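make a model of this:
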Amino acid sequence: MAKEDALSILLADGKTADKLKESYAELVDMIQKSAISAQIKNTNLSGNPESGSVEARRLMTAESQDYGTARTAGAGDKVKNNGVTINLDVDKEIVEEVEWKDIQFYGIDGIIAKRQANHQNAMIRELDRAFFTEAESAGSEETITSTTIEDQLEELIQSVETVSNDNVDGVDREMLVLTVTPAVYGEIRNYLDKVTNLNGQDYNVFHGVRVFSNVRQTEDAICMAVGAIAQPVVAQPYVVEPIPLSNAVAIELFYHYGTKAVMPDLIKYASLSAGISA
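Below is the predicted model of the structure:
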């Protein structure tokens with residue numbers, strides 16, 4: 001059966017389709033704001049995600065040459081392309097039935113609003129879990145020798161900050177993020193509370209690096225460069241279709257994504273021991 005273009009079959013207010021589009025836009029916007037992965041993933045993508053794949057570019061370090069080098073050579077240095085292709089090969093759906101009786105009691109706006117919040121959380125769980133699974137799979141474990149939580153986290157940060165290879169020659173701390181389990185976050189919370197600006201605002205920054213409490217990682221702490229992992233996502237707007245031989249309709253959301261490390265050398269994780277000196 002063909003899917004309905006709008007929900008006007010349910011309500012004769014002429015606004016239902018717009019409400020549906022608004023709810024979809026709000027859902028996508030809230031996912032971008034709420035998911036940890038959405039805040040730190042690689043957005044330097046080329047290509048159209050709707051085609052099924054994109055290329056993500058990685059952090060590269062430019063090198064200076066003596067004046068006149070390009071003139072003598074007749075050309076400048078070629079820009080290195082260490083791009084990584086990410087296929088959107090994970091296909092997901094959220095399909096739920098809504099009875100006409102529920103629509104009568106709540107109204108379609110109420111139904112969509114309630115399901116929007118639920119669908120948002122479902123997508124955040126899915127995307128974050130895939131993102132940090134990739135981080136722990138593609139990254140490398142750092143052996144920590146310090147004894148206090150504060151020194152251990154600093155040691156982990158420096159292990160990424162000082163990476164030097166053909167792609168990078170060190171990474172500024174403002175380009176790094178630190179994600180830790182809630183247990184570790186709780187241990188350093190008192191320290192973070194003391195790191196404030198003149199207005200007393202908490203920036204959730206540890207030694208110059210942004211910190212996130214993350215329930216979707218298994219390692220105690222992960223430090224990575226922003227953009228180290230790409231996760232393109234394509235979601236189709238809500239659609240509604242009647243369910244045959246029933247007095248119900250289906251609210252449907254389909255989305256597709258792929259997750260891949262672009263800079264595995266800039267992803268480190270570690271197991272930490274208890275104790276803090278802050």
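
show me the shaky parts of the stretch 151-278 of the chain.
Counting by pLDDT under 70, the stretch 151-278 of the chain shows low-confidence ranges at 194-203, 274-278.

can you give me the helices in it?
Ranges of helices in the stretch 151-278 of the chain, per DSSP state H, counting those that start in this stretch, are 182-194.

could I get the full set of strands for it?
Remark: strands assigned in the stretch 151-278 of the chain by DSSP state E, counting those that start in this stretch are 176-180, 205-206, 209-213, 221-225, 229-230, 233-242, 248-257, 260-261, 267-270.

nearest to residue 106, out of those?
Closest to residue 106 of the strands of the stretch 151-278 of the chain, according to Cβ to Cβ: strand 248-257, at 12.6 Å. C-beta: built from backbone N, CA, C; applies to glycine.

who touches the closest one?
Residues from elsewhere that reach strand 248-257, judged by Cβ atoms under 8 Å, 6 or more residues apart in numbering: 3, 7, 10, 24, 27, 88-100, 103, 111-112, 115, 119, 123, 127, 130, 231-236, 238-243.

circling back: now distance to residue 53 too, for the strands of the stretch 151-278 of the chain, in a markdown table please.
Shown next, in a markdown table, are the strands of the stretch 151-278 of the chain (distance: least, Cβ to Cβ, whole Å):
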| stretch | distance to residue 53 |
| --- | --- |
| strand 176-180 | 26 |
| strand 205-206 | 36 |
| strand 209-213 | 28 |
| strand 221-225 | 23 |
| strand 229-230 | 11 |
| strand 233-242 | 11 |
| strand 248-257 | 11 |
| strand 260-261 | 10 |
| strand 267-270 | 22 |
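
can you flag the buried ones in the contacts of strand 248-257?
Applying 16 or more other Cβ atoms under 10 Å to the contacts of strand 248-257, the neighbour count classes 7, 10, 24, 27, 88, 94, 98, 103, 111-112, 115, 119, 123, 127, 130, 231-235, 238-240, 242 as buried.

next SSE after the longest helix along the chain?
Longest helix in the chain, counting residues (DSSP state H): helix 100-138. Next in sequence after helix 100-138, counting helices and strands by DSSP states H and E, comes strand 140-141.

mind listing the strands that next one pairs with, and their directions?
Using DSSP bridges, the strands paired with strand 140-141 are strand 267-270 (parallel).

before we move on, the earlier item: for residue 168, find the nearest of the strands of the stretch 151-278 of the chain.
strand 221-225 (8.2 Å).

between that closest one and strand 209-213, how many degrees?
Angle of strand 221-225 versus strand 209-213, following axes from the mean of the first three to the mean of the last three Cα atoms, to 10 degrees, is 140 degrees.

report all helices and strands that strand 221-225 contacts.
When contacts are defined as 3 or more Cβ pairs under 8 Å, 6 or more residues apart in numbering; DSSP states H and E, strand 221-225 packs onto helix 100-138, helix 149-161, strand 176-180, strand 267-270.
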